[in-house]
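Asks: This is the structure alone, sequence omitted:
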Ligand SMILES: Nc1nc2c(ncn2[C@@H]2O[C@H](COP(=O)(O)OP(=O)(O)OP(=O)(O)O)[C@@H](O)[C@H]2O)c(=O)[nH]1
Ligand SMILES: [Zn+2]
């Protein structure tokens, strides 16, 4: 028989959450994790029990909270009501489609982010960098998973391009349809660990989830021939359990996350540029035609590349525009 604590650990419970409980809550409440978000209700699982509850958690003195998949919440044992959502280790969110001032939570408490890309004409270093910025910003460890290695003879070149983005970046190559080929990915999804998948449509996220689970419960669609774009096939936000204990999270909302408030993530992924820029003569150097620009000097010397410089400037410019827009829109 598993103890209550072991059952919670299987669901991803960590000391980070126990530390948030008051003595009264320990006596009075049970922790539950949000397993799926449906329209109008959420599925939650705790030690040895599962149920559906209303999506809104209201506590006196606090604004209403809508927990997302992966969140932990507390249920009062006597009233059977959710009392509060625990502070997440990390949280993926986006601007709500209808009202860009509002934030919509996408997924919480993720241990590892699989940034999925395919070894074909869809592959883009700029897009990978964008996803990595997001991972750094949210504070989740990224692993790049390159799919469709069975359809190319140059998979190593794709992997090399990905590895060049950040020193030490983990890059894994798989044929997402072959269980033996994806088996090594299980090392990131041990007991109680949560892995989220991020990547554009058609790169093979659902296929990975299905192969890793040994089932084809998630519908995947044949890619349209001619171009490399696929179609959206996943419609619910849900954690999928793996046999050996981990959790996979593949949500439609994760797929096209836009960057916002991403300055520190950009600085991390492009720390080679940030470091060199510290030697520019002017602290506000735009690395254009200023005298004493260390960045342009490094590009001339061949230690930094123009391509990566352009991508860095583009992300930086986008971030400045977003930040300015947000500052204007934020209610005072
Ligand atoms: N040959 C090959 N085909 C793959 C591989 N991975 C995925 N596919 C195929 O690519 C197509 C798209 O895969 P999906 O898993 O639906 O892609 P997705 O990323 O979930 O796409 P969306 O749901 O649109 O976001 C399907 O026809 C898969 O069978 C792979 O590693 N090798
Ligand atoms: Zn400069």
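Replies: Nice, thanks for sending it over. Quick caveat: nothing in here was measured; it's all calculated off a predicted structure. Numbering: from 1, shown residues only. Ligands and ions are numbered 1, 2, ... in the order given.
Asks: Let me know the secondary structure of residue 59.
Replies: Here residue 59 is recorded as coil under DSSP: H, G, I helix; E, B strand; the rest coil.
Asks: which SSE is the closest residue to it other than its chain neighbours in?
Replies: Using Cβ to Cβ, 6 or more residues apart in numbering and skipping the chain neighbours, the partner closest in space to residue 59 is residue 84 (5.0 Å). (Glycine included, C-beta is placed from N, CA and C.) Residue 84 is part of strand 82-85 when elements are defined by DSSP states H and E.
Asks: Can you tell me which helices and strands the helix or strand immediately after that strand in the chain packs against?
Replies: For strand 82-85, the succeeding helix or strand toward the C-terminus, using DSSP H and E, is strand 91-95. Here strand 91-95 touches strand 103-108, helix 125-138, going by 3 or more Cβ pairs under 8 Å, 6 or more residues apart in numbering; DSSP states H and E.
Asks: Where do the strands of the stretch 101-250 of the chain begin and end?
Replies: 103-108, 112-118, 141-147, 170-173, 194-198, 237-241, 247-249 (DSSP state E, counting those that start in this stretch).
Asks: How far away from the center of its chain is the lengthiest strand in the chain?
Replies: Longest strand in the chain, counting residues (DSSP state E): strand 29-38. Offset of strand 29-38 from its chain centre (Cα atoms, centre = their mean, to the nearest Å): 19 Å.
Asks: After that strand, which helix or strand is next?
Replies: Counting by DSSP H and E, what follows strand 29-38 is strand 41-46.
Asks: for that following strand, which positions count as buried?
Replies: 42-46 (16 or more other Cβ atoms under 10 Å).
Asks: measure the residue in the stretch 101-250 of the chain positioned nearest to ligand 2 to residue 28 for me?
Replies: With Cβ to the ion as the measure, residue 129 is the residue of the stretch 101-250 of the chain nearest to ligand 2, at 20.1 Å. Going from residue 129 to residue 28 by Cβ to Cβ, to the nearest Å gives 47 Å.
Asks: Can you pick out the residue with more neighbours from these two?
Replies: Between residue 129 and residue 28, counted using other Cβ atoms under 10 Å, residue 129 has the larger neighbour count: 21 against 16.
Asks: Spit out the contact partners of the residue of the stretch 101-250 of the chain closest to ligand 2.
Replies: Counting by Cβ atoms under 8 Å, 6 or more residues apart in numbering, residue 129 touches 165, 269-270, 311, 315.
Asks: any idea how far it is from residue 315?
Replies: 7 Å.
Asks: Identify the contacts common to the two.
Replies: residue 270.
Asks: re the thing from before, out of the helices and strands packed on strand 91-95, which gets the lowest mean score?
Replies: Mean pLDDT across these is lowest at strand 103-108; the value there is a mean of 88.
Asks: So for it, what gets flagged as buried?
Replies: 105-108.
Asks: next one: stretch 320-327
Replies: Neighbour-count burial for stretch 320-327 [16+ other Cβ under 10 Å]: residue 322.
Asks: Outside of that stretch itself, list whatever touches it.
Replies: Under Cβ under 8 Å, 6+ apart, the answer for stretch 320-327 is 259-263.
Asks: out of these, which are buried?
Replies: Buried, going by 16+ other Cβ under 10 Å: 259-260, 262-263, out of the contacts of stretch 320-327.
Asks: who does residue 29 bridge with?
Replies: residue 76 (DSSP bridges).
Asks: didn't it look like it was pressed against residue 82?
Replies: No: between residue 29 and residue 82 there is no contact under Cβ atoms under 8 Å: 9.3 Å.
Asks: Spit out the residues that contact the two alike.
Replies: 74-76.
Asks: wait, which of the helices and strands packed on strand 91-95 is closest to ligand 1?
Replies: Comparison of those against ligand 1 by Cβ to the nearest ligand atom identifies helix 125-138 as nearest, at 13.1 Å.
Asks: Check the offset of that closest one from the chain's centre.
Replies: The answer for helix 125-138 is 9 Å, by Cα atoms, centre = their mean.
Asks: Over to stretch 73-92?
Replies: 22 Å.
Asks: Likewise for stretch 109-122?
Replies: 9 Å.
Asks: Okay, now that stretch: how far is its last residue from its first?
Replies: End-to-end distance for stretch 109-122, by Cα to Cα, to the nearest Å: 29 Å.
Asks: thinking again about what came up before, could I get the helices and strands packed on strand 91-95 as a markdown table with distance to ligand 1?
Replies: Below are the helices and strands packed on strand 91-95 laid out as a markdown table (distance: least, Cβ to the nearest ligand atom, whole Å):
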| stretch | distance to ligand 1 |
| --- | --- |
| strand 103-108 | 14 |
| helix 125-138 | 13 |
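Asks: Who does the residue nearest the centre of the chain form a beta bridge with?
Replies: The C-alpha lying nearest the average C-alpha coordinate of the chain belongs to residue 113 (Cα atoms, centre = their mean; 5.0 Å). Using DSSP bridges, the bridge partners assigned to residue 113 are residue 142, residue 196.
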